[in-house]
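> from the sequence below, what's the structure:
(4 chains)
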Number of protein chains: 2
Amino acid sequence: MNIGEASKASGVSPKMIRYYEAGGLIGTAARTASGYRQYTEADLRTLRFVRRTRDLGFSMEQIAQLLGLWRNEGRASADVKRLALSHVEALDAKAAALLEMSRTLRRLAEVCQGDAAAACPIIDEFADGGDVRPSRPRAPDFAPARHRGR
Amino acid sequence: MNIGEASKASGVSPKMIRYYEAGGLIGTAARTASGYRQYTEADLRTLRFVRRTRDLGFSMEQIAQLLGLWRNEGRASADVKRLALSHVEALDAKAAALLEMSRTLRRLAEVCQGDAAAACPIIDEFADGGDVRPSRPRAPDFAPARHRGR
DNA sequence: GATGGGGCTTGCCACCGTGGGAAGGTCAAG
DNA sequence: CTTGACCTTCCCACGGTGGCAAGCCCCATC
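Predicted coordinates for the structure are as follows:
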């Protein structure tokens, strides 16, 4: 099976299939004499696994771990569960941060007339506003790619 | 004032100050004869405005718009409000997506023993895309129509 | 006035995950 | 044999942020 078919069958774009291969997430695909990647049913299963975990927001690093556990018959389900739950925490934290922003903004918008006049508490807040909290760590959910070594 | 001082006073790193300048978010800073950027109190106000809006998750493009409205005495507060509320929607949507992932994962983790045994419904779901809830009858032979568009 | 250290400059690289596109090879149908 | 769809690799972009390097600049201290 060529990469295009594998893509359709797995829901992962050819681009990403190659990217996952390059990143060691999935194994090096077999090649035809002319260099076309060839995919088997087993490869498709892996690709679908990756897609599902990606859809749940796991990072590639975490997916690599999950794949390892998947293939490891001697795994402890506790390991999987721990990984999953720590991701749940991360997701919740991110969502909470987003909702906090949303709440703040909504509160501001509520007291804005929203008419043709220039006066606007939203802009006022951005301009003068609560700069009270001193140098808290910057926006956590947009945190920089923490350069974890490899 | 040099960029380092401006950074401390505004809570924006020197790196990001330059980046915002390059991206047209903030104006081109004045320079000393030797090329050092110089910042005024007015510049600081702009930087703090940018930081506050970034803390609320606005994109640079949106911040540019907000800055335009801020500086525009003839603005309509309705424009600000519209921008804010559309961002609120985006934030809520993102948060909802995150929480949906979290919910799915938590549901899976709940039915995982989390012990030393290999059996794990979490991994099983990633592998087969099977039904999470054990009480529900299995899907019939035909396609389960899971459709996650991609 | 020399020296040293910290600040500043620009520029490039990295991260993640994804898409776009160019330049070229391959394959199957017409 | 030509055409068009597919494949290959390689580079570029995005949003934001940090790191590092090479090279100036400024000031204080000796």
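> look up how far A:Ile17 lies from the closest residue to DNA strand D within chain A.
Residue nearest to DNA strand D within chain A (CB to the nearest atom of the strand): A:Gly4, separated by 2.6 Å. Yep, even glycine has a C-beta here, placed from its N, CA and C like the rest. Going from A:Gly4 to A:Ile17 by CB to CB, to the nearest Å gives 10 Å.
> wait, what's in contact with the residue nearest to A:Asp92 when sequence neighbours are not counted?
Nearest non-adjacent residue to A:Asp92, counting by CB to CB, 6 or more residues apart in numbering or on different chains: B:Ser102, 5.4 Å away. Under the criterion of CB atoms under 8 Å, 6 or more residues apart in numbering or on different chains, the neighbours of B:Ser102 are A:Val88, A:Leu91, A:Asp92, A:Ala95.
> for chain A, what spans make up the strands?
With DSSP state E as the criterion, chain A has strands at A:30-31, A:37-38.
> ok, A:Ser13 - how many residues close by?
Counted with other CB atoms under 10 Å in any protein chain shown, the neighbours of A:Ser13 add up to 14.
> which residue is the nearest non-sequential neighbour of it?
Closest to A:Ser13 by CB to CB, 6+ apart is A:Ser7, at 5.8 Å.
> and for that neighbour, the neighbour number?
19.
> next: A:Asp79.
With neighbours defined by other CB under 10 Å, the count for A:Asp79 comes to 19.
> distance of it from B:Cys112?
Counting by CB to CB, the separation of A:Asp79 from B:Cys112 is 10 Å.
> got it, and A:Ala76?
11 Å.
> likewise for A:Val111?
According to CB to CB, A:Val111 stands 47 Å off from B:Cys112.
> would you confirm that A:Leu99 contacts B:Asp92?
Yes. With contact defined as CB atoms under 8 Å, A:Leu99 reaches B:Asp92; the gap is 7.4 Å.
> contacting residues for the residue most central in space within chain A?
Closest residue to the average C-alpha location of chain A: A:Gly57 at 3.9 Å, with CA atoms, centre = their mean. Residues near A:Gly57 by CB under 8 Å, 6+ apart: A:His87, A:Leu91, B:Leu98, B:Met101.
> now with 10 Å?
For A:Gly57, the contact set (CB atoms under 10 Å, 6 or more residues apart in numbering or on different chains) comprises A:His87, A:Val88, A:Ala90, A:Leu91, A:Lys94, B:Ala97, B:Leu98, B:Glu100, B:Met101, B:Ser102, B:Thr104, B:Leu105.
> verify the contact between A:Tyr39 and A:Leu47 for me.
Yes. Judged on CB atoms under 10 Å, A:Tyr39 makes contact with A:Leu47 at a distance of 7.7 Å.
> list residues touching both of the two?
A:Ala6, A:Ser7, A:Ala9, A:Ser10, A:Ile17, A:Ile26.
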